[in-house]
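Visitor: starting from these lines, generate the structure:
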Amino acid sequence: MNAQAVIESGSVLDIPLNKLKKSSKNARKTSHGDAAIEALAASIAAKGLLQAPVVEPETGEDGEPTGFYLVTIGEGRRLALALRAKRKEIRKSEPVRCVVDTANDPHEISLDENVTRTDMHPADQFEAFKRLSDERGLSAEDIGARFGVSAQVVRQRLRLGAVSPKLMAIYREDGLTLDQLMAVRREVA
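Guide: Here you go, the predicted model:
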């Protein structure tokens, strides 16, 4: 039996980027947008890969491992890493820390990852960007580069992060829309 076939579910492996492939069992069929991949690439460049992709060994028709791994969770991260390799920021064979999962249904865990997560409230993002600016002295350009957004978008979010805590609380509780919050901010400024 091939030694690769004995990889235990839950194992953490450093797998070369060029040995990772998109899984046909991934529940997300609509591709990630270019802007999302750019943002992920920027984040990875600034902070490294914070979440390990989940993979399963690819097997051939004979049932033997091919040496490749199918990305069940983290296809966007794989695409962002591939973009960085295309730009020659990293090697095509760059080791990627991955978690092997052969115990769960790949389609179901892919669906679970995409359905059960909750996006950050915009107010939290506004305040977090402001904190990076205030406490770490990062410019709008620096913050934008770290998160894959334009400096202008960051400047807008920094202004929104500076609104009154009372208004921000009302916005968090859906008492104000984003447009209303922006209008109030313009009135005050």
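
Visitor: now the residue sitting nearest the centre point of the chain, nearest residue through space, not along the chain?
Guide: Centroid-nearest residue in the chain: Leu40, 5.2 Å away (criterion: Cα atoms, centre = their mean). Take Leu40 and drop its neighbours on the chain: the residue closest to it by Cβ to Cβ, 6 or more residues apart in numbering is Ala80, 3.6 Å away. In this view, the C-beta of every residue, glycine as well, is placed from N, C-alpha and C.

Visitor: is it true that that neighbour touches Ala41?
Guide: Yes: the pair Ala80 / Ala41 is scored as a contact, 4.2 Å apart, by Cβ atoms under 8 Å.

Visitor: and Glu58, that one's in a strand?
Guide: Yes: per DSSP: H, G, I helix; E, B strand; the rest coil, Glu58 lies within a strand segment.

Visitor: for it, give me its contacts.
Guide: By Cβ atoms under 8 Å, 6 or more residues apart in numbering, the contact set of Glu58 is Lys21, Pro65, Thr66, Gly67, Phe68, Tyr69, Leu70.

Visitor: grab the nearest non-local neighbour of it.
Guide: In space, Glu58 is closest to Phe68, 4.3 Å off (Cβ to Cβ, 6+ apart).

Visitor: hmm, that neighbour is touching Leu17, no?
Guide: No: using Cβ under 8 Å, Phe68 makes no contact with Leu17, being 11.4 Å away.

Visitor: can you show me the helices along the protein?
Guide: Using DSSP state H, the helices of the chain run over 34-47, 75-86, 106-115, 122-136, 140-147, 151-161, 165-172, 178-188.

Visitor: tell me what the longest one is packed against?
Guide: Meaning helix 122-136. helix 140-147, helix 151-161, helix 165-172 (3 or more Cβ pairs under 8 Å, 6 or more residues apart in numbering; DSSP states H and E).

Visitor: same check, this time on the first one
Guide: With contacts defined as 3+ Cβ pairs under 8 Å, 6+ apart, the secondary structure elements packing on helix 34-47 are helix 75-86, helix 140-147.

Visitor: before we move on, what about the last one?
Guide: Helices and strands touching helix 178-188, by 3+ Cβ pairs under 8 Å, 6+ apart, are helix 151-161, helix 165-172.

Visitor: what's the distance between the shortest one and the middle of its chain?
Guide: A distance of 27 Å separates the C-alpha centroid of helix 165-172 from that of its chain, computed with Cα atoms, centre = their mean, to the nearest Å.

Visitor: can you tell me how far the closest residue to Met182 other than its chain neighbours is from Leu138?
Guide: Distance criterion Cβ to Cβ, 6+ apart; nearest residue to Met182, sequence neighbours excluded, is Leu160 at 6.9 Å. Here the criterion is Cβ to Cβ, to the nearest Å. By it, Leu160 lies 17 Å from Leu138.
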